[in-house]
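Chemist: return a 3D structure for these sequence lines:
(one chain, ligands or ions: 2)
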Amino acid sequence: MSKQTKPLVIKIGGAILEKADALTALLKVIAELKNQPVVLVHGGGCVVDDMLCQAGFATEKKNGLRVTSAEQMPIISGALAGHVNKVIVAQANSLHLNAVGLSLADGNMVKCVISPLDLGAVGEPKASQSKLLDNLLKGEFLPVVSSIGALESGELVNVNADDAAVVICQLLNAELLLLTDVNGVMDGSGNYLSDLTEQDAKLLIQSGIIHGGMTAKVNAAFHAANQLRRSIAVASWQAPEQIPSLLSGANVGTRIIPELAA
Ligand SMILES: Nc1ncnc2c1ncn2[C@@H]1O[C@H](COP(=O)(O)OP(=O)(O)O)[C@@H](O)[C@H]1O
Ligand SMILES: CC(=O)N[C@@H](CCC(=O)OP(=O)(O)O)C(=O)O
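Modeler: Ligands and ions are numbered 1, 2, ... in the order given. Sure thing, here's the model as predicted:
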């Protein structure tokens, strides 16, 4: 692995686990990315929905973000940092990817504060220390990171997985791919947009054309794009063979365009 190669953070939504062979297909593409350090950040919202429902909890979301009570945290952390994380790690290791499962709090990578959006035990993540990831990447491991974080006080918090991917990208000054179950962001006619500015995104969110989990994703992507001053791709995990061309700048999915401050 070249020390100069910028790491690539790939975020996958939980729905990939519900589509037979989709995760394996993506992992095979990752295995073929030569000399490219990769960190996989995953969600699992649909698994959390199922587990909360089985435990008798109702699911409430605001703009795609789960309102999280302290009583729900054992189930949510068990689903994301436990079940989903270990399924991905085991599958990656069956393809000899040298995967290691982590959460945001491991190695003090990320510190969280309670989100100001009145969502309960939901964390707003801040990049802290990259040493653990630097060492894992140097050792040619594949870090697989869940979106469970912790407050300075030690309490666990639930972090939206797109926000988790953005903070890991900031931590490593990495490239970021947000892979989801659709080909990108759609406009009001159902056409995929090849690029999206923040001004247009605000209008699409106000009119409800961008809604639910896509709102959280687009907001997270602008946060990253504006801070890193480069575009961020939102594309589908259903076509992982497109990842190499996406990395070389091909028009795949929707590019989230940064506001270029004067
Ligand atoms: N304008 C839009 N364009 C594309 N998808 C949208 C849009 N608005 C809402 N969505 C929904 O957002 C979903 C992706 O968000 P989410 O379910 O949170 O994905 P992930 O789990 O990959 O983070 C899509 O499956 C789609 O149903
Ligand atoms: C605060 C918040 O919304 N947390 C998310 C974390 C998982 C997630 O984001 O999963 P996807 O990427 O599959 O949507 C949740 O509880 O669903």
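Chemist: as PDB, could you dump the C-alpha coordinates of the least confident helix or strand in the chain by mean pLDDT?
Modeler: Least confident helix or strand, the chain: helix 243-247 with a mean of 91, by mean pLDDT, DSSP states H and E. These are the backbone C-alpha positions of helix 243-247, laid out as PDB (Å, rounded to 0.1, in the frame of the first residue of the first chain):
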ATOM      1  CA  ILE A 243     -17.100   2.100  -8.300                       C
ATOM      2  CA  PRO A 244     -13.700   2.200 -10.100                       C
ATOM      3  CA  SER A 245     -15.100   4.600 -12.800                       C
ATOM      4  CA  LEU A 246     -16.800   6.600 -10.200                       C
ATOM      5  CA  LEU A 247     -13.500   7.100  -8.400                       C
END
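Chemist: can you pull the contacts of the residue of the stretch 1-150 of the chain at minimum distance from ligand 1?
Modeler: The nearest approach of the stretch 1-150 of the chain to ligand 1 comes at Gly13, 2.0 Å away (CB to the nearest ligand atom). Heads up, the C-betas are built off the backbone N, CA and C, glycines and all. Shown in contact with Gly13 (CB atoms under 8 Å, 6 or more residues apart in numbering): His42, Gly43, Gly45, Ala161, Leu179, Thr180, Asp181, Gly213, Trp237.
Chemist: wait, what's in contact with whatever residue of the chain ends up closest to ligand 2?
Modeler: Using CB to the nearest ligand atom, Gly43 is the residue of the chain that sits closest to ligand 2, at 1.9 Å. Taking CB under 8 Å, 6+ apart, we find Gly43 in contact with Lys11, Ile12, Gly13, Gly14, Leu80, Val84, Ser147, Asn160, Ala161, Asp162.
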